[in-house]
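Asks: Build the 3D model from these lines:
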Amino acid sequence: MDGNYGGTLDERLNACDTVFFLDVPRGQCLSRVLRRQLLNGGRARAEMPEGCAERFSLEFLAWIWTYPTRRRGPILERLEGLRSDRLVHVFRSDAEIDHFLDRLR
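Replies: All right, here's what the predicted structure looks like:
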């Protein structure tokens with residue numbers, strides 16, 4: 001499961017046994033959103049359900065830009081407070097993600 005909707009975060013954290021939190025820099029997030037928009041704007045990406053077109057708005061850009069200062073801290077605090085039987089992986093770069101995946105192979 002994935003998502004960034006804060007309204008259901010506690011419910012999702014209570015139901016999971018492992019968390020993968022992609023804590024990448026906002027510039028990287030912005031560039032990837034813009035790239036997806038250029039490549040897929042108005043169309044559903046291959047991994048998306050039919051009818052779920054790639055959308056773009058200034059509100060979404062603002063959400064990405066303010067995420068580190070408004071939302072990141074509380075999420076990291078929630079992850080710190082999880083029961084000890086839950087695995088939490090926080091990745092701050094593509095290299096960290098690649099290293100983790102290489103160890104799985």
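Asks: Let me know how buried the residue lying closest to D85 once chain neighbours are set aside is, in neighbour terms.
Replies: Spatial nearest neighbour of D85, chain neighbours left out: D17 (7.4 Å); criterion: Cβ to Cβ, 6 or more residues apart in numbering. All C-beta spots, glycine's among them, are computed from the backbone N, C-alpha and C. When neighbours are defined as other Cβ atoms under 10 Å, D17 has 8 of them.
Asks: OK, contacts around D17?
Replies: D85, R86, L87 (Cβ atoms under 8 Å, 6 or more residues apart in numbering).
Asks: R43: what's it in contact with?
Replies: A53, E54.
Asks: wait, is it part of a strand?
Replies: No. Going by DSSP: H, G, I helix; E, B strand; the rest coil, the assignment for R43 is coil, not a strand.
Asks: Next, it: phi, psi?
Replies: Backbone dihedrals for R43, given as degrees, to the nearest 10, come out at phi -120, psi 150.
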